[in-house]
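>>> Fold the following and give me the result.
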Amino acid sequence: MSHGFSKRRLTAGAALVAAALVGTAACSGSSDDDEPSGGKYNAGIGKVANPSKAKGGTLRFIGKQDFDSTDPQRAYYGMTWDFMRFYTRTLVTYDTKPGAASNNLVPDLATEKAKITDGGKTYSYKLRDGLTWEDGSKLTSKDIKYGISRVWATDVITGGPQYLKNVLDPKGEYKGPYKDKTAGGLGLKAIETPDDQTIVFKLPKPNGDFEQMLAMPSGAPVKAAKDTKSKYTQKPFSSGPYKFASYDSGKNATLVRNENWKKESDPIRPALPDKITVTINKNAEENDKRLIEGDYDIDLNGTGMSASGRTTAITDHKSSVDNMPTDFVRYVAIITKAKPFDNLHCRKAIFYATDFESLQKTRGGPLAAGDIANSIWPKAIKGHSDYDPYGVVARKGKPDTAKAKSELKECGKPGGFSTKVTARTNQPGEVEAATALQEQLKAVGIKLSVDPLDGAEASSITGSPTVVKKRGYGLTMSGWGPDFPTGQGFGQPLWDSRFISENGNYNEAQLSDPKVDKAFDDAIAETDPVKAGEIYQQMNKEILDQAVWMPFLYEKNISWRGANATNVYSSAAYSGRYDYVALGVKK
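Okay, the predicted model is just below:
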């Protein structure tokens, strides 16, 4: 789910006020005791708020930002993946249960999870009976193969995750369905379809996370006859309970029931509303007002209310909000190729000089922003541990100026040095946090310049080692959430040296460590998630000891739960957003 997007924009003052209000709300739960089920603070965390099986009505979303793409092979935003379950299906998907249970994979188009043979290199599935497209035609294994093969057409189908391509065809031998001369564009040898109900994947080497990759929308079927290539995002063809009636990019969308979807072929989707509408409005504060007034039910983006919105919500409507845990980590990458950060002790000085508690406050305090981080992994990832080599948690986030100065002496910079940090202007709170860091480092003689960037340009600026060097950047402030809930799904783009690229590079620290690369290989080949987690825990120690990537926050947010919405719960599989496909509305 990469960097995600707009979280919160706070001035330090507003942040502290909101944090205080949230803290008050959290401590005064007794006032909610007489409210009905679903009408309590945090009623959608770990349980279902407003449970109901009632069908009908219109579910109304509003969001500041539109989908990155409605094409399943091109989408990368977490909120888009969440929404796509209304009209796309995959062989396996995430369970429709609250909290951590949602990370469990369950069969969707398939009758059961994969039959894995050949030492973890062959994955076989049988499809359910009665699978259909929105025109009533039969959905077959060839449709699934064709949809997945579109990932290879990188000159046309841009923007989505590349995991399936990299795992199934690491040498890049296949050229995609549009250049494929075989019948139906089905020449991808790594996927076999012996009959309409069977699909078999042949991996060159084992990958314990392969089913996680198939659960992404990039694993969804596409009907070849309906594939309009780069224009497919304008009106995707539905395999789920809803289909597009209209979509005006950047403005609105309407989904209506797909009358050819069969409930008996789909154990996942309750398909409660008759209609689903989406409104895009770039004014986040206005969106929060409309949610509070009942004009809309759910924030499409799922990244938390604005400072003013959550202040009003917490003060006057506490029973309608949830303090959502996410699996996003806010961090500072320390660029190892930039002087003086090629020296370990200069990197350690940053860890000791940083006031983590202050950074937390700039983003809204413990409840609105989240807990101070000590591990490179989110808490939900196997590999997370209490290892805290710089005493960040032990000193409650406060800086250790004496140790910072000692490290500066060790690296030959007793008087400090000058460097630059990047922060994205369209990631609310990021520039404020970078400015706070600037003040903190000044206390030990490190002169930090803040360079604000448009997040839309990040992949060609902070994602380009050449540009980073040319501009003299030493630090990059950002945030990251997992593509799927494992160490590979979170960390490989960030720390595997083989993922360093000239554009779109997310290994911003430019870490090049053979031990880390081998650890990824070992963990990925491990089919036992517990054993893989042990390897990732060692990796956590290795990367923290090198002081190349400084996590400072495990993110939370404050989300509005509309009174009209039913079956509302936070899903860990979608980074703490509500599970959209489960939602219904009161008549």
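
>>> what sits against the closest residue to residue 529 other than its chain neighbours?
Sequence neighbours aside, residue 382 is the residue nearest to residue 529 in space, at 5.9 Å (criterion: Cβ to Cβ, 6 or more residues apart in numbering). For the C-beta atoms, the positions are set from N, CA and C on the backbone; glycine is no exception. By Cβ atoms under 8 Å, 6 or more residues apart in numbering, residue 382 lies in contact with 486-487, 529-530, 532-533, 536-537.

>>> Phi, psi for residue 382 please.
Note on residue 382: its backbone torsions stand at phi -70, psi 120 [degrees, to the nearest 10].

>>> what's across from it in the sheet?
Following DSSP bridges, residue 382 is listed with bridge partners residue 384.

>>> still on that earlier bit, what is the lowest-pLDDT residue among the contacts of residue 382?
Ranked by pLDDT, those bottom out at residue 529, which has 89.

>>> wait, that residue sits on residue 487?
No: using Cβ atoms under 8 Å, residue 529 makes no contact with residue 487, being 9.6 Å away.

>>> which one of those two has more residues nearby?
Ranked by neighbour count (other Cβ atoms under 10 Å), residue 529 and residue 487 place residue 487 first, with 28 against 16.

>>> Is that one in contact with residue 538, as I believe?
No: between residue 487 and residue 538 there is no contact under Cβ under 8 Å: 10.7 Å.

>>> how many other residues sit next to residue 518?
Residue 518 has 12 nearby residues by other Cβ under 10 Å.

>>> Report whether it is found in a helix, as I expect.
Yes: with DSSP: H, G, I helix; E, B strand; the rest coil as the criterion, residue 518 is assigned to a helix.

>>> how close does it get to residue 355?
Distance, residue 518 to residue 355, by Cβ to Cβ, to the nearest Å: 35 Å.

>>> Same check on residue 371?
As judged by Cβ to Cβ, residue 371 and residue 355 stand 15 Å apart.

>>> Would you list the strands that whatever helix or strand residue 93 lives in pairs with, along with their directions?
Assigned by DSSP states H and E, residue 93 falls within strand 92-94. In the sheet, strand 92-94 lines up against strand 105-107 (antiparallel) (DSSP bridges).

>>> Show residues contacting the partner strand.
With Cβ under 8 Å, 6+ apart, strand 105-107 has contacts from 91-95, 113, 128, 211-212, 215, 267-268.

>>> Just the closest of those to residue 308, please.
In terms of Cβ to Cβ, no member of these lies closer to residue 308 than residue 94, at 33.1 Å.

>>> still on that earlier bit, between residue 371 and residue 355, which is the more surrounded one?
residue 355 (20 against 16).

>>> and stretch 327-344, which residues are buried?
Buried residues in stretch 327-344, defined by neighbour count with 16 or more other Cβ atoms under 10 Å: 327-336, 338, 340-341, 343-344.

>>> Rounded mean pLDDT for that stretch, please.
Average pLDDT, stretch 327-344: 97.

>>> so how far does it reach from one end to the other?
One end of stretch 327-344 to the other measures 28 Å (Cα to Cα, to the nearest Å).

>>> what's the answer for stretch 220-238, then?
From start residue to end residue, stretch 220-238 stretches across 10 Å - Cα to Cα.

>>> How about stretch 257-268?
Using Cα to Cα, the two ends of stretch 257-268 sit 16 Å apart.

>>> ditto for stretch 251-261
By Cα to Cα, one end of stretch 251-261 lies 27 Å from the other end.

>>> My guess is residue 345 contacts residue 405. True?
No: between residue 345 and residue 405 there is no contact under Cβ under 8 Å: 11.1 Å.

>>> Between these two, tell me which one has more neighbours.
residue 405 (19 against 16).

>>> Spatially, which residue comes closest to the more buried one, not counting chain neighbours?
Nearest to residue 405 is residue 444, by Cβ to Cβ, 6+ apart, at 5.5 Å.

>>> since we're on the one you found, how many residues are nearby?
22.

>>> Surely residue 486 touches residue 527?
No: using Cβ under 8 Å, residue 486 is not in contact with residue 527, being 11.7 Å away.

>>> If you rank every helix and strand of this protein by mean pLDDT, what lands last?
Sorted by mean pLDDT, DSSP states H and E, the helices and strands of the chain end with helix 12-27, the least confident at a mean of 37.

>>> helices or strands next to the helix or strand following that one in the packing?
Next helix or strand after helix 12-27 toward the C-terminus (DSSP H and E): strand 58-63. For strand 58-63, the elements it packs on are strand 275-280, helix 284-292, strand 298-299, strand 584-585, judged by 3 or more Cβ pairs under 8 Å, 6 or more residues apart in numbering; DSSP states H and E.

>>> Remind me what the second one packs against, helices and strands.
Right, the one you point to is helix 284-292. Counting by 3+ Cβ pairs under 8 Å, 6+ apart, the packing neighbours recorded for helix 284-292 are strand 58-63, strand 298-299, helix 307-316, strand 549-560.

>>> would a markdown table of these with mean pLDDT, distance to residue 239 and mean neighbour count be doable?
Below are those laid out as a markdown table (pLDDT from 0 to 100; distance: least, Cβ to Cβ, whole Å; neighbours: other Cβ atoms under 10 Å):
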| stretch | mean pLDDT | distance to residue 239 | mean neighbour count |
| --- | --- | --- | --- |
| strand 58-63 | 98 | 20 | 22 |
| strand 298-299 | 98 | 23 | 25 |
| helix 307-316 | 91 | 36 | 21 |
| strand 549-560 | 95 | 29 | 25 |
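
>>> Select, out of these, the one closest to residue 439.
Among the helices and strands packed on helix 284-292, the nearest to residue 439 by Cβ to Cβ is strand 549-560 (14.8 Å).

>>> quick check: angle from that closest one to helix 307-316?
Here the directions of strand 549-560 and helix 307-316 differ by 50 degrees (axes from the mean of the first three to the mean of the last three Cα atoms, to 10 degrees).

>>> Show me what strand 549-560 pairs with in its sheet, parallel or antiparallel.
Going by DSSP bridges, the partners of strand 549-560 are strand 321-334 (antiparallel), strand 370-372 (antiparallel).

>>> Just want the angle from that strand to strand 58-63.
Using the same axes, to 10 degrees: strand 549-560 against strand 58-63 is 140 degrees.
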